[in-house]
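J.: Make a model of this:
(one chain, ligands or ions: 3)
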Amino acid sequence: MRTLIRNGTVVNSTGTVAADVLVDGETIVAVTAPGVFTEADRIVDASGKYVLPGGIDAHTHMEMPFGGTVSADSFETGTKAAAWGGTTTIVDFAVQQKGTLLQSTLDKWHEKADGNCAIDYGFHMIVSDVNDTTLKEMDACVEAGVNSFKMFMAYPGALYSTDGEILRAMRKATESGSTIMMHAENGIAIDELVAVALAEGRTEPVQHGITRPPELEGEATHRAIQLAKVTGAPLYIVHLSARHALEAVAEARDAGQNVFAETCPQYLYLSIEDLAKPEFEGAKYVASPPLRPKDHQADLWKGLRTNDLSVVSTDHCPFCFKDQKELGRDDFSKIPNGMPGVEHRMDLLHQGVVAGELTLARWVEVSSTTPARMFGMYPRKGVIAPGSDADIVVYDPAAKQTLSAETHHMNVDYSAYEGMEITGRVSTVLSRGEIVVDGGEFHGRAGHGRFLRRDLCQYLS
Ligand SMILES: NC(=O)NCCC(=O)O
Ligand SMILES: [Zn+2]
Ligand SMILES: [Zn+2]
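T.: Ligands and ions are numbered 1, 2, ... in the order given. A predicted model of the protein is given here:
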């Protein structure tokens, strides 16, 4: 099956060009001046539209157990929602529970995902139990194409690792060329602040933000960077939310250290004011790190421009307001941490283009090309070029839409962006040459998505 996407503006991380894109089967076979090819089995008219490499969301949590419940999107519903929003690859986190093996964890995540995804997918591994066996197993994970390992400086008693454990895992990563990803918040200090708040009867959702101040994200980020420096390990800071943490990353990068960071749309658009919404509505916005005061947002946008922030992922981790967020009605520390967003990342970042915060090329770079490079998928993913997978988004920059739980496709009963007006909309999405979304209709299927055995990070080779 040959598909010709014609008359569009191809946007890669290197710039834009008026070009036609010819797809044969699962692969892009030509990017040519307009009109060079005229025949194909299927023609997509992209006049007035952008033609982008499919989005890559390198941070999702489908069906993830957390705080006595499980995130509400399955691999099927979550990957379908992703496709609706122009994301054609996700990298999800397999979560090692203490006392279990990495291999059984990986098996469990394959059981959940294999045969159920509508788009391609890979895994990172969350290491929560650092011991001799786990450290050996990290090598087997790398062999299996899972070569990035997330660790937690937060959540003592659950996912938390001590500095010594982090150091051991970082040494291992240095040996194998794999990447350590860090949830950088000082969990020990936070737990103390949480205990004081609860003892004083401060139980409402905004306390989640108040007890996790930006200084404690900055401190943990700085500490993670020093541990990485001592061991020579590359480091990727996940879901960076605060100016304090960004300053630590920028300083390390200026000094030439292999430190990278991602932020998420919620930190660019939402704030602690949302967490403070009355009648428990703030629970919808509980995620860690928490939403910050609005003035952090300009710094994050600037970080995206200067490349101190290299990637935008969603940290998609949806919990329904009615029966899941409710678990913490009388105690904010029991509200499951996480927010929905996998469907809206490309649209929300496009607002950055509309507002002049990002160029078109940078939009594609932070949402597709860099995640592909960072996590060993480039040039198979992340670029419109001959030989690459035909993961393609035709995007209409002039369309208007309003985000709402009534119309989104994520399996969650609220939208964190309810009522937000968006300029731009996905019009057609191809995943490895198959049309999965077109003209407001879904044509994909669960099981089309393939597991990606990822190579090592290309910035480090
Ligand atoms: N971010 C969040 O609150 N939930 C998902 C787990 C994590 O990424 O730490
Ligand atoms: Zn995290
Ligand atoms: Zn996460």
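
J.: Walk me through the domains of the protein.
T.: The record's domain parsing of the chain by automatic domain parsing lists 2-52+384-442, 54-374.

J.: what does stretch 196-215 contact?
T.: 185, 190, 193-194, 241-245, 272, 275-277, 280-283, 285-286, 288-292, 296, 328, 330-333, 335 (Cβ atoms under 8 Å, 6 or more residues apart in numbering). Every C-beta, even on glycine, is put in place using the N, C-alpha and C of the backbone.

J.: just these that are near ligand 1?
T.: When the contacts of stretch 196-215 are filtered against ligand 1 using Cβ under 6 Å from any ligand atom, the residues retained are Ser288.

J.: Just the buried residues of the contacts of stretch 196-215.
T.: By neighbour count, with 16 or more other Cβ atoms under 10 Å, the contacts of stretch 196-215 hold 185, 190, 193-194, 241-245, 272, 275-276, 280, 282-283, 285-286, 288-292, 296, 328, 332-333, 335 as buried.

J.: just to revisit the earlier point, just send the domains of the chain back as a markdown table, with distance to Cys457 too.
T.: Shown next, in a markdown table, are these (distance: least, Cβ to Cβ, whole Å):
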| stretch | distance to Cys457 |
| --- | --- |
| domain 2-52+384-442 | 16 |
| domain 54-374 | 5 |
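
J.: Buried deepest among the ones you listed, which one?
T.: With neighbours taken as mean count of other Cβ atoms under 10 Å, those reach their highest mean count in domain 54-374, at a mean of 21.

J.: Quote the end-to-end distance of that one.
T.: 16 Å (Cα to Cα, to the nearest Å).

J.: Distance from the chain centre to that domain, please.
T.: From the chain centre to the centre of domain 54-374 is a distance of 8 Å (Cα atoms, centre = their mean, to the nearest Å).

J.: just to revisit the earlier point, how about the domains of the chain, which one is nearest Phe451?
T.: Proximity to Phe451 (Cβ to Cβ) singles out domain 54-374 among these, at 6.3 Å.

J.: Can you tell me the closest non-neighbouring residue to Pro265?
T.: Leu348 (4.2 Å; Cβ to Cβ, 6 or more residues apart in numbering).

J.: one step back: what about the buried ones among the contacts of stretch 196-215, which are in helices?
T.: Residues of the buried ones among the contacts of stretch 196-215 located in helices (DSSP state H): 190, 193-194, 243-245, 272, 275, 296.

J.: if we take these, which one ends up nearest to Met125?
T.: Nearest member of those to Met125, counting by Cβ to Cβ, is Ala245, at 23.0 Å.

J.: Can you name the residues that contact that closest one?
T.: 184, 214, 217-218, 220-221, 237, 261.

J.: Turn those residues into TSV, including pLDDT and distance to ligand 1.
T.: Below are the contacts of Ala245 laid out as TSV (pLDDT from 0 to 100; distance: Cβ to the nearest ligand atom, whole Å):
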residue	pLDDT	distance to ligand 1
Ala184	98	10
Pro214	98	15
Glu217	99	12
Gly218	98	17
Ala220	99	13
Thr221	99	14
Ile237	98	12
Ala261	98	14
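
J.: In strands, which of the residues you listed appear?
T.: When the contacts of Ala245 are checked against strands (DSSP state E), the matches are 237, 261.

J.: Take the contacts of Ala245 and lay them out in CSV including distance to Ala199.
T.: Below are the contacts of Ala245 laid out as CSV (distance: Cβ to Cβ, whole Å):
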residue, distance to Ala199
Ala184, 27
Pro214, 23
Glu217, 23
Gly218, 26
Ala220, 24
Thr221, 28
Ile237, 32
Ala261, 34
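
J.: any idea how far the residue in the chain that ligand 1 sits nearest to is from Ile126?
T.: The chain approaches ligand 1 most closely through Asn337 (3.2 Å), counting by Cβ to the nearest ligand atom. Asn337 sits 14 Å away from Ile126, going by Cβ to Cβ, to the nearest Å.

J.: residues touching the nearest residue to Gly54 once chain neighbours are set aside, list them.
T.: Nearest non-adjacent residue to Gly54, counting by Cβ to Cβ, 6+ apart: Thr88, 2.8 Å away. Applying Cβ under 8 Å, 6+ apart to Thr88 gives the contacts 54-56, 82, 119-120, 381, 391-393, 429-431, 436.

J.: which neighbours does the helix or strand where Thr88 lies have in its sheet, and in what orientation?
T.: Taking DSSP states H and E as the definition, one finds Thr88 inside strand 87-95. Strand pairing for strand 87-95, using DSSP bridges, gives strand 55-60 (parallel), strand 120-126 (parallel).

J.: Low-confidence ranges, the stretch 251-400 of the chain, go.
T.: By pLDDT under 70, the stretch 251-400 of the chain has no low-scoring segment.

J.: Please enumerate the strands of it.
T.: Listed in chain order, the strands of the stretch 251-400 of the chain (DSSP state E, counting those that start in this stretch) span 259-263, 311-312, 392-402.

J.: Reformat these as a markdown table; add distance to Gly78.
T.: Formatted as a markdown table, those follow (distance: least, Cβ to Cβ, whole Å):
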| stretch | distance to Gly78 |
| --- | --- |
| strand 259-263 | 18 |
| strand 311-312 | 18 |
| strand 392-402 | 18 |
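
J.: Go ahead and confirm Gly232 touches Ala173.
T.: No: shown here, Gly232 and Ala173 do not form a contact pair, counting by Cβ atoms under 8 Å, at 9.3 Å.

J.: quick revisit: what angle separates the strand holding Thr88 from strand 392-402?
T.: Interaxial angle of strand 87-95 relative to strand 392-402 (axes from the mean of the first three to the mean of the last three Cα atoms, to 10 degrees): 90 degrees.
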